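In: Kindly generate the corresponding structure for this input.
(4 chains)
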2 protein chains.
Amino acid sequence: MIVENLKVFVTVSEQKNFSRAAELLNLSQPGVSLHIRNLENELGAKLMHRSPKQVKLTEAGYILYEKAKRILDLYDEARRDIQLLQDTVTGAIHVGASFTIGEYLLPRLLAEFVAQYPQVELQVTIGNTWEIVQKVRKKEINLGLVEGNVTGEDLVITPYMKDEMLLVAAPDHPLCAIRQADVGKLQHMNWILRESGSGTRAFSDLFLQEHKLEVQRTYVFNSSQGVKEAVAAGLGIAILSRWVVRKELESEALRSIPLKGIKFARDFSVIQTKDHAPSMAIERFVQQLMEDAKRLKANGLG
Amino acid sequence: MIVENLKVFVTVSEQKNFSRAAELLNLSQPGVSLHIRNLENELGAKLMHRSPKQVKLTEAGYILYEKAKRILDLYDEARRDIQLLQDTVTGAIHVGASFTIGEYLLPRLLAEFVAQYPQVELQVTIGNTWEIVQKVRKKEINLGLVEGNVTGEDLVITPYMKDEMLLVAAPDHPLCAIRQADVGKLQHMNWILRESGSGTRAFSDLFLQEHKLEVQRTYVFNSSQGVKEAVAAGLGIAILSRWVVRKELESEALRSIPLKGIKFARDFSVIQTKDHAPSMAIERFVQQLMEDAKRLKANGLG
DNA sequence: TCTTGATCATGAGAAATACTTATGATTGGT
DNA sequence: ACCAATCATAAGTATTTCTCATGATCAAGA
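Out: The predicted structure is shown next:
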């Protein structure tokens, strides 16, 4: 224990007996003597009169005793409060997440959460945005983490983080040669897309539609990994979250193409049903999610 | 330091930076990490989120932080108060003591006192009761510890301990053969006495006079040791404090002769001048003297 | 009076812990 | 892609703590 020295001192003071204190503390009697001697050396004062018949606090000892008792109380309180915090947060959480969030952001968050609340049982379901929203509605999961503009009267939707979307291509793609690409350059391209129902797909569709871009060919994958591989192989271009392509951008396997005057962005949101009060565990989970997002933002990510 | 773990934790919490905390604490950065890890293991909860860009307390960490600050404050208070106690008790004490007290009781008391109040400079003068009283009057010494019935309008005399006097003789002395000696048997004996002015001498004189005892011969020594040697050599008998002959009685070098119906006793007293307020050091010294006497009494001595 | 029991101190060696240096991993900035 | 800052990890060393054995003190009882 952290304050063991003081614990020993208080026990001896109250027992007025080194040997008895040693037993109570599961220690040898010389061990107890040592503790007291250490304290006396550190404080530069004799703390107790010792004799075979009587152990009695000196004045200095009494001063320390009064403080030490309060210190031990405080430490116990701290331990109890922390324990209580963890005990309160029990039960199970079933989290749903879209592929982007579930594969690239959630793992670290979960690790932190279980470290702090080890009593909570966590289950994760990954699916595309549409699937997750459906499961939240059917209460098959407690909360969903998805991207894009989900709507629904029966749902509570809380954006918690900005997500930057990037237009990516293989490094040897013609677009990469252009100094300042603009949207006009994107006509008649081959596009790699996620399947329908995916938030990333919805985002891409919206972009293509808004800028009236003609598409030459499309390839559809139902995983981010597939999309990335296809883009890297030079099969086409894609719009993906920065989180998804972070590693590939660093290793130059993919390249991000900035588009003049266009900043792709969307929100990551928490989706919950309206009706019943969430459990303590869920509340804490959301709280930690928010804090984590804040921390990422402070670090210049988010 | 006793609460070093918490000190490290608080420092890191406030600096929000392990390395900086390490510098402040004169520790290596891994050392700091270790402290925090130990705390986390002991409390079974993660205390801080660590990242190169930010160190932040978890909820459990915040709980501990609040308590830890108060614990450190309490410990500092304790240390300060104890230091204050010892600082207050400074200066010099000049103690005078009669031979009996000075040689047989004072040494242990002094050892205890300097352990508790190391800043006090102690000087001791040993002399017979009369000499000590004179020195107190002349303020050559701060206080005197003497035996017997000292009187004096100008002095404060505080008895603090009973002293038992014993009639002692060599083991082969005729008196030792008598089963129940009484005062009558003490006529025409050889007596070993201390010099005039000694409290022990005054006690002996009073005893001889009260019981109208004729003395055959007297030998006078100005030290207890001399008296004991003379008695042991069979030169005569003497009345001495139990404290003086304790060892000799145990080793059978001398024997105590109980006298029917007579219990020798006198007081040990503290002698101080009336006029000026004693220094803190002197006050504490007297206080400790009293406590020590109480402790001896509790142990069946006094 | 001698022994006995209870108690605390001390010393030596063993076990546990803390500390440091060197190195690795992560992250954000240039 | 590299650099700087920061925390984690590993291995070896140093320090501290612990226990066992023993010694000293003291009072009580045979």
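In: Below-threshold pLDDT in chain A: ranges please.
Out: Low-confidence segments of chain A (pLDDT under 70): A:276-277, A:298-302.
In: in it, what residue sits furthest out from the centroid?
Out: No residue in chain A sits farther from the centre than residue A:53, which is 59.0 Å out by Cα atoms, centre = their mean.
In: for chain A, longest strand please?
Out: Looking across chain A with DSSP state E, the single longest strand is strand A:155-169.
In: what does the following helix or strand past that one rub up against?
Out: Next in sequence after strand A:155-169, counting helices and strands by DSSP states H and E, comes strand A:189-194. With contact meaning Cβ atoms under 8 Å, 6 or more residues apart in numbering or on different chains, strand A:189-194 is reached by A:99, A:128, A:200-201, A:204, A:208, A:213, A:215-224, A:227, A:230-231, A:235-238. (Glycine included, C-beta is placed from N, CA and C.)
In: Kindly report the same for stretch A:29-41.
Out: The contact list for stretch A:29-41 (Cβ under 8 Å, 6+ apart) reads A:4-6, A:8-9, A:12, A:18-19, A:21-22, A:25, A:46-48, A:64, B:2.
In: ok, residue A:21 touching residue A:15?
Out: Yes: between residue A:21 and residue A:15 there is a contact under Cβ atoms under 8 Å: 4.7 Å.
In: and residue A:48, bridged to which residues?
Out: residue A:57 (DSSP bridges).
In: who's in contact with it?
Out: With Cβ under 8 Å, 6+ apart, residue A:48 has these contacts: A:12-13, A:36, A:55-58, A:61.
In: In those, which residue is surrounded by the most others?
Out: Among those, the one with the most neighbours (other Cβ atoms under 10 Å in any protein chain shown) is residue A:12, at 28 neighbours.
In: Taking the contacts of stretch A:29-41, tell me the two that lie furthest apart.
Out: Between any two of those, the greatest separation by Cβ to Cβ is 22.8 Å, found for A:19 and B:2.
In: Give me the more crowded residue out of these two.
Out: More crowded of residue A:19 and residue B:2, by other Cβ under 10 Å: residue B:2, with 22 against 13.
In: Excluding chain neighbours, what is closest to the residue most central in space within chain A?
Out: Closest to where the C-alpha atoms of chain A average out (Cα atoms, centre = their mean) is residue A:109, at 2.5 Å. Leaving out its chain neighbours, the residue that sits closest to residue A:109 by Cβ to Cβ, 6 or more residues apart in numbering or on different chains is residue A:292, at 5.6 Å.
In: and the helix or strand where that neighbour lies with strand A:155-169, angle?
Out: Assigned by DSSP H and E, residue A:292 belongs to helix A:280-298. Orientation of helix A:280-298 against strand A:155-169 (axes from the mean of the first three to the mean of the last three Cα atoms, to 10 degrees) gives an angle of 40 degrees.
In: got a list of contacts for helix A:280-298?
Out: Outside helix A:280-298, the residues that reach it (Cβ under 8 Å, 6+ apart) are A:88-93, A:95, A:109, A:112-113, A:116-117, A:120, A:142-143, A:145, A:158, A:160-162, A:268, A:270, A:278, A:302, B:49, B:51, B:53-54, B:56.
In: buried residues in it?
Out: For helix A:280-298, burial by neighbour count (16 or more other Cβ atoms under 10 Å in any protein chain shown) applies to A:281-282, A:284-286, A:288-289, A:292-293, A:295-296.
In: Now the element after the helix or strand in which residue A:248 is found, going C-ward?
Out: Following DSSP H and E, the helix or strand that holds residue A:248 is helix A:242-250. Note on helix A:242-250: by DSSP H and E, the next helix or strand toward the C-terminus is strand A:255-256.
In: Show me what that next one is packed up against.
Out: strand A:155-169, helix A:242-250 (3 or more Cβ pairs under 8 Å, 6 or more residues apart in numbering or on different chains; DSSP states H and E).
In: C-terminal to that strand, what's the next element?
Out: strand A:265-273.
In: and residue A:42, how far is that from DNA strand D?
Out: Distance, residue A:42 to DNA strand D, by Cβ to the nearest atom of the strand, to the nearest Å: 9 Å.
In: Give me the buried positions along the helix or strand where that residue lies.
Out: Assigned by DSSP H and E, residue A:42 belongs to helix A:29-43. By neighbour count on 16+ other Cβ under 10 Å, the buried set for helix A:29-43 is A:32-33, A:35-36, A:39-40, A:43.
In: can you put those in a markdown table and add distance to residue A:124?
Out: Below are the buried residues of helix A:29-43 laid out as a markdown table (distance: Cβ to Cβ, whole Å):
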| residue | distance to residue A:124 |
| --- | --- |
| A:32 | 51 |
| A:33 | 55 |
| A:35 | 49 |
| A:36 | 53 |
| A:39 | 51 |
| A:40 | 56 |
| A:43 | 54 |
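In: any idea how far DNA strand D is from residue A:225?
Out: Distance of residue A:225 to DNA strand D, computed by Cβ to the nearest atom of the strand: 21 Å.
In: residue contacts, that residue?
Out: By Cβ under 8 Å, 6+ apart, the contact list for residue A:225 is empty.
In: Name the SS class of it, please.
Out: Under DSSP: H, G, I helix; E, B strand; the rest coil, the three-state class of residue A:225 is helix.
In: Tell me, how many residues neighbour the residue of the stretch 101-250 of chain A found nearest DNA strand D?
Out: Relative to DNA strand D, the nearest point of the stretch 101-250 of chain A is residue A:250 (6.1 Å; Cβ to the nearest atom of the strand). Using other Cβ under 10 Å, residue A:250 has 9 neighbouring residues.
In: List the buried residues for the longest helix anywhere in chain A?
Out: The longest helix of chain A (DSSP state H) is helix A:59-88. Residues A:59-61, A:63-65, A:67-69, A:71-72, A:74-75, A:78-79, A:81-82, A:85-86 are the ones in helix A:59-88 that count as buried (16+ other Cβ under 10 Å).
In: coming back round to it: for the residue nearest to the centre of chain A, what are its contacts?
Out: Taking Cβ under 8 Å, 6+ apart as the test, what residue A:109 contacts is A:288-289, A:292.
In: Likewise for residue A:154?
Out: A:137, A:273-274.
In: now do residue A:136
Out: Here residue A:136 is in contact with A:96, A:143-144, A:155, A:271-273 (criterion: Cβ under 8 Å, 6+ apart).
In: Quick one: which of those residues is the most crowded by neighbours?
Out: That'd be residue A:144 among the contacts of residue A:136, by other Cβ under 10 Å, with 29 neighbours.
In: ok now do it, which residues does it touch?
Out: A:95-98, A:132-133, A:135-136, A:270-272.
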